[in-house]
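Enquirer: Test case, fold it:
(one chain, ligands or ions: 3)
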Amino acid sequence: MSVQVIVGSQWGDEGKGKITDILAEKMDLVVRYQGGNNAGHTVVVGKETFKLHHIPSGILNDSCVSIMANGVVLDPEVLLKEMNGLKKRGIAVNPSKFKLSSIAHVILPFHKTLDSNQESNREGEKIGTTGRGIGPAYTDKIARFGVRAMDLLKPEFLKKQIMKKSWLTGIGVTEKDIDDVVIEFHKYGKELEPYIIDTSLYINEAIKAGKRVILEGAQGTMLDVDHGTYPFVTSSNPISGAATTGTGIGPQLIEGVMGVTKAYVTRVGEGPFPTELLDETGEALRDKGGEYGTTTNRPRRCGWLDLVVLRYAIRVNGLTEICLTKLDVLDGQESVKICTNYVYNNEKVEHFPLDLDVFNECEPEYVELPGWDEDISKITDFEKLPENAKTFVDYVEQAVGVKVSMVSVGPNRVQTIFKND
Ligand code: GDP
Ligand code: IMO
Ligand code: MG
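Expert: Ligands and ions are numbered 1, 2, ... in the order given. Below is the predicted model of the structure:
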């Protein structure tokens, strides 16, 4: 498949980084199309663990070009640190291997201040943002006074553009503060200049030349600003459709959409979560799955796999295949539950209700499948999985009608099962 989208089908942290890294082995380009350093994609290569926030998960493959396309928001200081950190660990990060869109929007220090101020002002209904300035940076983009990567190279224009933000006075920013930021960010711009290109042109030409491309999503379907659990969402569109606006390629070029789906569900931050487990089973999943945020280290809320959410993700993303991750974390459970539908007002609910008040009141109904005792983390052949683990995967596949093409049983590259049709 020459252009494929990889998208999270839940609330993020499904294992997109691991899966992208593995598939990148056979790919030429890996492109991030939205989100910023709110993302934390962990890739384990042998004994080394890499936590990527901005840079696409293709960077660890020597043959891959990694691209941050126009739909992302970037914090240049964080990006430069990430680039230097990788270089220090022997990973090649140079202008032929890594590219940044000239029209990607920039997160300024003021956006981070506003993000945290807004969060503290949301008495009683916090979103639990990552505090990285993501919401304010995207807000300014839509309001048409954002700063784009190429603007960092034009200090006078940069200052003019920042001065348009009337909200700055409200958070106590002075003209001197702005001048300081202009000097600092112009410096970052000069450092990043060799990497800054027209990424839409580059990606389209690569596709024409027969190159194979992964469009790597960040966050997840239920955090999508349009289709997620609004307002408990991020400020971009993680769903597959955004891979076209976020890169500047036509939708007809996309040949497949893989939904990365954890064998249970996690969520960081606030917002409804019908299958959440507030008991020792939830704690056991958190412990075994190492469910602590890659970006903020917050404990992730854990619960059973939710097929209402997965069916919704299939619909809004047009998923053509599913990669089921972290199946090994369910090892040792006496039985494993899967939510098949909700009940609201004594009625069966099979589709994700858009009204959050309804979603909040939905009670999950479960099918309970027998668990397995074996450690499956070293199994690489689907047929060798314990019968009950196979039944779990088959159940999901049949219940949602989309093939599970990969199963992940550990963080390492080798802990991956490619499932035959
Ligand atoms: P992403 O944001 O979707 O890329 O996911 P994260 O990297 O934030 O979180 C997934 C975590 O689970 C990371 O620590 C991965 O190393 C780890 N991981 C990925 N796949 C598996 C798996 O199949 N089993 C286990 N046990 N860990 C996994
Ligand atoms: P990856 O790519 C999980 C959550 C935050 C918060 C909400 C809004 O690693 O899957 P924001 O800072 O984006 O304004 O926060 O979205 N969130 C994520 N949760 N994984 C992520 O990224 C996330 N990025 C943002 O916790 O609830
Ligand atoms: Mg993550």
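Enquirer: State the distance from the closest residue to Arg301 other than its chain neighbours to Leu23.
Expert: Nearest-residue entry for Arg301: Arg267, 4.7 Å, with adjacent residues in sequence omitted and distances by CB to CB, 6 or more residues apart in numbering. C-beta here means a position set from N, CA and C on the backbone, and glycine is covered the same way. The gap separating Arg267 from Leu23 is 25 Å, by CB to CB, to the nearest Å.
Enquirer: Quick check: Asp198 vs ligand 2, distance?
Expert: 25 Å (CB to the nearest ligand atom, to the nearest Å).
Enquirer: Identify the residue nearest that residue in space, chain neighbours excluded?
Expert: Distances taken as CB to CB, 6+ apart put Ser102 closest to Asp198, at 6.1 Å, once the chain neighbours are dropped.
Enquirer: so that neighbour makes contact with Tyr195?
Expert: No: contact between Ser102 and Tyr195 fails when scored by CB atoms under 8 Å: they sit 9.9 Å apart.
Enquirer: before we move on, the earlier item: tell me, how many neighbours does the residue nearest to Asp198 end up with?
Expert: For Ser102, the tally of surrounding residues (other CB atoms under 10 Å) stands at 19.
Enquirer: next one: the one 3 residues further on
Expert: His105 is flanked by 23 other residues according to other CB under 10 Å.
Enquirer: With the one 5 residues further on instead?
Expert: Neighbour count of Phe110, defined by other CB under 10 Å: 21.
Enquirer: what about it, which SS state?
Expert: Recorded secondary structure, Phe110: helix (DSSP: H, G, I helix; E, B strand; the rest coil).
Enquirer: So Leu201 belongs to a helix, correct?
Expert: Yes: the assignment for Leu201 (three-state DSSP) places it in a helix.
Enquirer: all strands of the stretch 101-250 of the chain, in order?
Expert: Taking DSSP state E, counting those that start in this stretch, the strands of the stretch 101-250 of the chain run over residues 105-106, 196-197, 213-216.
Enquirer: how about the residue lying closest to Gly282 once chain neighbours are set aside, what does it touch?
Expert: Excluding its sequence neighbours, the residue lying closest to Gly282 (CB to CB, 6+ apart) is Cys302, at 4.5 Å. Neighbouring residues of Cys302 by CB atoms under 8 Å, 6 or more residues apart in numbering: Tyr264, Val265, Thr266, Glu276, Leu277, Gly282, Glu283, Leu285, Arg286, Gly289, Glu291.
Enquirer: Among these, which are located in helices?
Expert: Using DSSP state H, the subset of the contacts of Cys302 located in helices is Gly282, Glu283, Leu285, Arg286, Gly289.
Enquirer: correct me, but the last one touches Val329?
Expert: This points to Gly289. Yes: at 4.2 Å, Gly289 counts as touching Val329 under the criterion of CB under 8 Å.
Enquirer: Between these two, which contacts overlap?
Expert: Common neighbours of Gly289 and Val329, counting by CB under 8 Å, 6+ apart, are Tyr264.
Enquirer: Looks to me like the residue nearest to Gly282 is in a strand.
Expert: Yes: residue assignment for Cys302, taken from three-state DSSP, places it within a strand.
Enquirer: what pairs with it across the strands?
Expert: Taking DSSP bridges as the rule, Cys302 bridges to Thr266.
Enquirer: Report the separation between it and ligand 2.
Expert: Remark: distance between Cys302 and ligand 2 (CB to the nearest ligand atom) = 13 Å.
Enquirer: Between the contacts of Cys302, which sits nearest ligand 1?
Expert: Checking the contacts of Cys302 against ligand 1 by CB to the nearest ligand atom gives Gly289 as the nearest, at 6.0 Å.
Enquirer: Count the neighbours of the closest one for me.
Expert: For Gly289, the count of nearby residues is 20 (other CB under 10 Å).
Enquirer: Quick check: the gap between it and ligand 2.
Expert: 14 Å.
Enquirer: ok, now which ones touch that residue?
Expert: Residues in contact with Gly289 (CB under 8 Å, 6+ apart) are Tyr264, Thr266, Cys302, Lys326, Val329.
Enquirer: Which residues of the stretch 1-150 of the chain lie near ligand 1?
Expert: Applying CB under 6 Å from any ligand atom, we find that the stretch 1-150 of the chain lies next to ligand 1 at Gly8, Gly12, Asp13, Glu14, Gly15, Lys16, Gly17, Lys18, Gly40, His41, Thr42, Val44.
Enquirer: pLDDT at the fourth one, what is it?
Expert: Looking at Glu14, its pLDDT stands at 98.
Enquirer: Over to the first one?
Expert: According to the prediction, Gly8 has pLDDT 98.
Enquirer: so Val65 makes contact with Asp28?
Expert: Yes: between Val65 and Asp28 there is a contact under CB under 8 Å: 6.5 Å.
Enquirer: Now the common contact residues for the two.
Expert: Residues touching both Val65 and Asp28 (CB under 8 Å, 6+ apart) are Ala206.
Enquirer: can you pull the contacts of the residue nearest to Ala69 when sequence neighbours are not counted?
Expert: Closest residue in space to Ala69, ignoring its immediate chain neighbours: Thr247 at 4.3 Å, by CB to CB, 6+ apart. Thr247 is in contact with Val31, Tyr33, Ala69, Asn70, Gly71, Thr199, Ser200, Ile203, Leu215, counting by CB under 8 Å, 6+ apart.
Enquirer: Which residues are in contact with the residue nearest to the spatial centre of the chain?
Expert: When CA atoms, centre = their mean is applied to the chain, the residue found nearest the centroid is Ala218 (2.0 Å). Ala218 makes contact with Gly8, Gly12, Lys16, Arg32, Gln34, Gly35, Gly36, Asn38, Ala39, His41, Pro238 under the criterion CB under 8 Å, 6+ apart.
Enquirer: Next step: those residues restricted to helices.
Expert: Lys16.
Enquirer: Now do the helices in the stretch 51-200 of the chain.
Expert: In the stretch 51-200 of the chain, the helices defined using DSSP state H, counting those that start in this stretch lie at 76-88, 109-121, 134-142, 155-163, 175-192, 199-208.
Enquirer: which one of those has the most crowded surroundings?
Expert: helix 134-142 (a mean of 22; mean count of other CB atoms under 10 Å).
Enquirer: Noted, bye for now.
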